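Colleague: Sequence plus the predicted model coming up.
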Amino acid sequence: MLRCAAIEQAAGGNTSVQAKLEFLQRTGTFKARGALATLHGLDKEQLAAGVTAVSAGNHAIATAFAAHTLGTTARVVMTSSANPSRIAACKSFGADVIIAKDVHEAFTMAERIQDEEGRFFVHPFEGPAVALGTGTVGLEICEQAGEFDALIVPIGGGGLIGGIANAVKQLRPACEIIGVEPVGADSMHRSRAAGTPQSIDQVETIADSLGAPFAMPYSFALTEENVDRLVLVDDLQLRRTMGFLFQGMKIAVEPACAASTAALLGPLREDLQGKRVVLVMCGSNIDWDTFEKQAIFDDPAA
């Protein structure tokens, strides 16, 4: 955990801010937690057959890392929008990478690999094993942060917030847990409004790591049960927050990682003033050229 003086100053109102720096994890995101938990649950025969996955980058890297660590093989499907540095990172762990035009095609290709090769599909956000892995983030926050009033977590498919919230609500039931989605990838907002998991036709956000095209039953149920509310941030807020975090904290993170800070300095600023807030900063798999194009260096709260 890190006490964030720059964010506290920007938030104002004596708000106390700590951050859980998951972008410092091996593979650059929290994703290795769920991937390792999933692979550790496979029997010897299934592990020997190998695994497959779908990802814009972070989950593919984590699955490749987990496969390499446990001595098996990974064939992963990444979208054409995936950053070249993420593809290279995935290959560095020995994975075979296949490129799909979009996330919908990627899931279809992964299903075919699963059927034809017998590989186990490591889901990017759904299922008990993923929640078990991401739940360790929540346990560590409760151990490391002391008392806190609010916890802000980015949402892609819901695997991260579902696991975290399930753990935190058992240990800190009075804590308000808030999920944040990009405007152009709001599947969890739509699911909550409908009362059932929903999909979106197209992902339209620079936060590709949060670009899940649909919600699914297990992670949706955990979110419904344990997450108090959701907020939205747009790409401009994400870009300005990326610049702010670089200037104020000297960290260069991907748009998804900036989402929790963008929410605090944007839609949640007045509500959480004077509160003890924990931010989950989820990933930093971004190259400098992309960061320089996306980040805006001015006041994110203006």
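Modeller: Perfect, I can see it now.
Colleague: Please make it C-alpha for all contacts and neighbour counts, starting now.
Modeller: OK.
Colleague: on contacts alone, who are the packing partners of the longest helix seen in the chain?
Modeller: Using DSSP state H to define each element, the chain has its longest helix at helix 128-144. Contact partners of helix 128-144 among helices and strands, from 3 or more Cα pairs under 8 Å, 6 or more residues apart in numbering; DSSP states H and E: helix 31-40, helix 159-171.
Colleague: Select, out of those, the one closest to F214.
Modeller: Nearest of the helices and strands packed on helix 128-144 to F214, taken as Cα to Cα: helix 159-171 at 11.9 Å.
Colleague: average pLDDT across that closest one?
Modeller: Averaging pLDDT along helix 159-171 yields 97.
Colleague: list the buried ones in that helix?
Modeller: By neighbour count on 16 or more other Cα atoms under 10 Å, the buried set for helix 159-171 is G159, L160, I161, G162, G163, I164, A165, N166, A167, V168, K169.
Colleague: and those as JSON lines, adding distance to R86?
Modeller: Listed next are these as JSON lines, based on distance: Cα to Cα, whole Å:
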{"residue": "G159", "distance to R86": "20"}
{"residue": "L160", "distance to R86": "20"}
{"residue": "I161", "distance to R86": "23"}
{"residue": "G162", "distance to R86": "25"}
{"residue": "G163", "distance to R86": "25"}
{"residue": "I164", "distance to R86": "25"}
{"residue": "A165", "distance to R86": "28"}
{"residue": "N166", "distance to R86": "30"}
{"residue": "A167", "distance to R86": "30"}
{"residue": "V168", "distance to R86": "31"}
{"residue": "K169", "distance to R86": "33"}
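Colleague: Can you name the two of these that sit furthest apart?
Modeller: Maximum distance among the buried residues of helix 159-171 (Cα to Cα): 15.6 Å, for G159 and K169.
Colleague: in the longest helix of the chain, what counts as buried?
Modeller: Buried, per 16+ other Cα under 10 Å, within helix 128-144: 128-139, 141-142.
Colleague: now it against helix 159-171, angle please.
Modeller: Orientation check (axes from the mean of the first three to the mean of the last three Cα atoms, to 10 degrees): helix 128-144 against helix 159-171 gives 50 degrees.
Colleague: And the strands in the stretch 201-302 of the chain, which stretches?
Modeller: Applying DSSP state E, counting those that start in this stretch to the stretch 201-302 of the chain gives strands spanning 229-233, 276-281.
Colleague: quick check: domain ranges of the chain?
Modeller: Recorded structural domains for the chain (assignment: automatic domain parsing) are 2-29+127-294, 31-121.
Colleague: hmm, back to that, give me the contact list for the longest helix of the chain.
Modeller: 1, 20, 30-31, 33-38, 41, 123-125, 159-168, 171-172, 218-219 (Cα atoms under 8 Å, 6 or more residues apart in numbering).
Colleague: Stretch 10-17 too?
Modeller: Here stretch 10-17 has contacts from 3-5, 7-8, 264-265, 269, 272-279, 301, using Cα under 8 Å, 6+ apart.
Colleague: how about a cut-off of 7 Å?
Modeller: Here stretch 10-17 makes contact (Cα atoms under 7 Å, 6 or more residues apart in numbering) with R3, C4, I7, E8, L265, R269, Q273, G274, K275, R276, V277, V278.
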